[in-house]
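In: Here is my input; please provide its structure:
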Amino acid sequence: MFDNLTEKFESVFKKLRGHGRLTEENIQEALREVRLVLLEADVNFRVVKDFIAAVRERAVGQEVLKSLTPAQQVIKVVREELGRLMGEGVDNRLDLAARPPVPMMLCGLQGAGKTTTCGKLALKLRKEKRNPLLVPADIYRPAAIEQLKTVGRQLGIPVFDSHAGQDPVAICEAAHRFAELNGYDTLILDTAGRLHVDETLMDELVRIKAAVAPREILLVADAMTGQDAVNVAESFDRKLELTGVILTKLDGDARGGAALSIRAVTGKTIKLVGLGEKMDALEVFHPDRMAQRILGMGDVLSLIEKAQSAIDQDQAAAMQKQLRQEGFNLETFRDQLKTIKKMGSMESILKLIPGAGKALGQAQGMQLPDKELKKVEAIINSMTPAERRDHRVLNGSRRLRIARGSGTSVQDVNVLIKRFTEAQKMMKKMQQLGPKGLKGLMGRGGLPF
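Out: Reported below is the predicted structural model:
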């Protein structure tokens, strides 16, 4: 989503780094460009004005101008102010500290992804050892109730039984009683939406709020709508007193205005963000990390968290045992690829690594890493177990069979085997050198990939 914004910021900062010493004039010129970058990204005008004023006040201070690396100091100020703008330092955790069942009400306009987000949120809470119940209270949109039930079946999460002829308030009250009697500790209410904000919708939501007293009232807002998302948030907040916002479609090609404006304009914290279509693509929003991503600095902490959630400890132990017993072969290599895929697309992973996202953007015309991984996995899957355990048995006729079975060419198979052989040699060297092997090898020229 922030690719265009990142590229423009990098262009501004490149000019700053070109000056040996910074002056107030240099900084003013850079801030004029930053102002244009933010306005083009559909950030609220008042937010841009306040942001530039805050950066200017700090950046023209003597501490910055007289430092050894003034350009880096200015970038540091911009990063910190971007984080502050999006709510850095504010507690954005979900408030579920109440007597169960704890109601959570999700509201928003049609098309923002509210029903899907209910499922994503339920899955996230279940991973956190909670026992959620999904409640379909949208009786107006065709098939809305069935959609939530389908999501629930896919995830193995129970959905309260309701139908289109019922009153939404009665559905929520009955679901609350049902949850209390059956041991569910969290209610996720999927309320009705409209194409635009209207009094009928708001009155219904106000009645639901009065009936079940939700601990969290979360607006599901579409990041693709830019400043419109901010206007929608203000409208819902006036009637419902929102406790936070979930921004969806943050993986799209929106310009970033909603994410950068919504906290400053409404005072409401962005608590969660949707970063893809998969049901596990709902993440806690970290303003400081998002600021780093926007400025092209990567996000190593999020990458570590992705790895920890994708790698099962028992599986990791089993893989280590297999490596010790059988060595590094195509079987273990394929298992590692599957683990990487659980973390998301290679493009999304690379963007979290400092500098890698920029390199990916410069590699125009190259095949996407995900396509390469699919090809590699297809080739390995077309081998017999014996061939995966010992690639040295792969003669010409076997390679031709594997190529045909995987829909690739013999050349593709040969390239994979060559790269794997190099990697296998490197793994053996690392085992011989011990725990400090990788560090030593990197010092002598790095890995062969």
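
In: Only C-alpha atoms from now on, for both contacts and neighbour counts.
Out: Fine.

In: For the residue lying closest to Val12 once chain neighbours are set aside, grab the count of nearby residues.
Out: Once flanking residues are discounted, Val12 sits nearest to Ala30: 6.3 Å by Cα to Cα, 6 or more residues apart in numbering. For Ala30, the count of nearby residues is 17 (other Cα atoms under 10 Å).

In: what's the helix or strand for Ala30?
Out: Using DSSP states H and E, Ala30 sits within helix 24-40.

In: and the next element down the chain from that helix?
Out: helix 45-59.

In: tell me which residues of that next one are tucked away?
Out: For helix 45-59, a neighbour-count test (16 or more other Cα atoms under 10 Å) marks 47-48, 51-52, 55-56, 58-59 as buried.

In: would you turn those residues into TSV with pLDDT and distance to Leu201?
Out: Converted to TSV, the buried residues of helix 45-59 look like this (pLDDT from 0 to 100; distance: Cα to Cα, whole Å):
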residue	pLDDT	distance to Leu201
Val47	86	29
Val48	87	32
Phe51	86	35
Ile52	87	38
Val55	85	41
Arg56	83	43
Arg58	81	45
Ala59	76	46
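
In: taking the mean pLDDT, what do you get for the strand or helix carrying Met426?
Out: Here Met426 sits within helix 410-433, counting by DSSP H and E. Taken as a whole, helix 410-433 carries a mean pLDDT of 76.

In: Please state the offset of that helix from the chain centre?
Out: Taking Cα atoms, centre = their mean, to the nearest Å, the mean C-alpha location of helix 410-433 is offset from the chain mean by 32 Å.

In: For that helix, list every residue counted as buried.
Out: Across helix 410-433, burial judged by 16+ other Cα under 10 Å covers 410, 413, 417, 420-421, 423-424, 426-427, 430.

In: Equivalent analysis for stretch 31-39, please.
Out: Result for stretch 31-39 [16+ other Cα under 10 Å]: buried residues 31, 33-35, 37-39.

In: how close does Val220 sit to Ile270?
Out: Look at Val220 and Ile270: by Cα to Cα, to the nearest Å, they are 10 Å apart.

In: Sorry, slip of the keys, the one I care about is Pro385.
Out: 49 Å.

In: Which of these two has more residues huddled nearby?
Out: Higher neighbour count among Pro385 and Ile270: Ile270, with 27 against 12, using other Cα under 10 Å.

In: these two touch, right, the more buried one and Thr248?
Out: No. At 10.7 Å, Ile270 does not count as touching Thr248 under the criterion of Cα atoms under 8 Å.

In: what element comes up after the helix or strand encompassing Ala174 heading to the C-terminus?
Out: Using DSSP H and E, Ala174 maps to helix 168-182. Downstream of helix 168-182, the first helix or strand assigned by DSSP H and E is strand 186-190.
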